[in-house]
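Visitor: Next comes the sequence, and after it the predicted model I'd like to discuss.
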Amino acid sequence: MPDPTLPSGRPGPNRALRLGVCGPVGTGKSSLIALLCRELADDLRMGVVTNDIYTDEDARFLRSAGVLDPERIRAVETGACPHTAIRDDITANLMAVEELEADFDPLDLVLIESGGDNLTATFSPALVDVQIFLIDVAGGGDVARKGGPGISRADLLVVNKTDLAPYVGVDRGRMVLDARAVREGRPVIALARTDRPSVEALVAWVLAQLKAYLDGALVPADPGPMAPHAHADEGVIHVHADGDHAHTHDHAH
């Protein structure tokens, strides 16, 4: 049965809500998308677009997990740093999303998974309507307080794999408090797939974003640009200057 808290029609938008999932390598982006599909696919018409640099491995993982019809899971091979395809030039992702929406019209929700990057990568608001940024306890207890546009200003920050905290020497409570401090009132969810209340909190947040979108009340927010960064590609340096700090990706052969 459709969720009773959602509007029965589509009064404003004529396309699906586009929700981005972003974060460093290994934080659990694909697993979070699989979790959302399992929780919501009975009630919502969904699709997924994944991003990898050279492979479609994340898409294959989701297809093999059986969380959606495999045809509803599309892959974008960026061929470059992951942030490029979700912020600098969104053409490939936008085409994949629009094709998915056309093939399975109408869809309620499209989840777009970024390739794994670093703490500064965020989605362009021209690609997604709302975005989740992931960090995880296995990445270290100090990650949250390091900040960055995704941690500080994404629509939702998920501190993932909190059930692993005792095994990696991380103070879960302190990490969540640090996250809340840098986010200045923006929502934080401490998530573990084995912790049902945290899963329900995540699902409720997504459904609330969908309701706001259908009501015409959701305005995409830009967490802010990445720091300036350079790409070394076969001896050629490509520099992007968007902020106050720099980082480098070396793709030299």
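Guide: Received, thanks.

Visitor: As a check, name the ranges of all helices in the stretch 1-150 of the chain.
Guide: Applying DSSP state H, counting those that start in this stretch to the stretch 1-150 of the chain gives helices spanning 29-40, 57-65, 82-83, 91-103, 143-146, 149-153.

Visitor: Need the CA coordinates for the second one. CSV is fine.
Guide: Read that as helix 57-65. What follows is helix 57-65 as a C-alpha-only set of coordinates in CSV (Å, rounded to 0.1, in the frame of the first residue of the first chain):
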residue,chain,number,x,y,z
GLU,A,57,30.6,-2.5,-10.2
ASP,A,58,28.2,-0.6,-7.9
ALA,A,59,25.3,-1.1,-10.4
ARG,A,60,26.1,-4.9,-10.6
PHE,A,61,26.2,-5.1,-6.8
LEU,A,62,22.7,-3.6,-6.6
ARG,A,63,21.3,-5.7,-9.4
SER,A,64,22.7,-8.9,-7.8
ALA,A,65,21.2,-7.9,-4.5
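
Visitor: which parts of it are buried?
Guide: Within helix 57-65, the residues scored as buried using 16 or more other Cβ atoms under 10 Å are 58, 59, 61, 62, 63, 65. No exception for glycine: its C-beta is placed from N, CA and C like everyone else's.

Visitor: And the fourth one, by the same measure?
Guide: Neighbour-count burial for helix 91-103, counted by 16+ other Cβ under 10 Å, picks out 92, 93, 94, 96, 97, 100, 101.

Visitor: Residue 198 versus the fifth one, what's the distance?
Guide: Noted for residue 97: a distance of 28 Å to residue 198, by Cβ to Cβ, to the nearest Å.

Visitor: helix/strand/coil for residue 203?
Guide: Under DSSP: H, G, I helix; E, B strand; the rest coil, residue 203 falls in the helix class.

Visitor: Begin at 12 from now on, thanks
Guide: Will do, 12 is the new start, and the previous item becomes residue 214.

Visitor: With adjacent residues omitted, what lies nearest to residue 90?
Guide: residue 64 (6.6 Å; Cβ to Cβ, 6 or more residues apart in numbering).

Visitor: Is there a neighbour count for residue 91? I'd like the number.
Guide: Using other Cβ atoms under 10 Å, residue 91 is surrounded by 17 other residues.

Visitor: Can you report phi and psi for it?
Guide: When read as degrees, to the nearest 10, the backbone of residue 91 gives phi -160, psi -180.

Visitor: which residues does the closest residue in space to it that isn't next to it in sequence contact?
Guide: Leaving aside its chain neighbours, residue 91 sits nearest to residue 64 (7.0 Å; criterion: Cβ to Cβ, 6+ apart). Residues near residue 64 by Cβ atoms under 8 Å, 6 or more residues apart in numbering: 88, 89, 90, 91, 92, 93, 126.

Visitor: Residue 121 is nearest to which of the helices of the stretch 12-161 of the chain?
Guide: Nearest to residue 121, of all the helices of the stretch 12-161 of the chain, is helix 102-114, at 5.6 Å by Cβ to Cβ.
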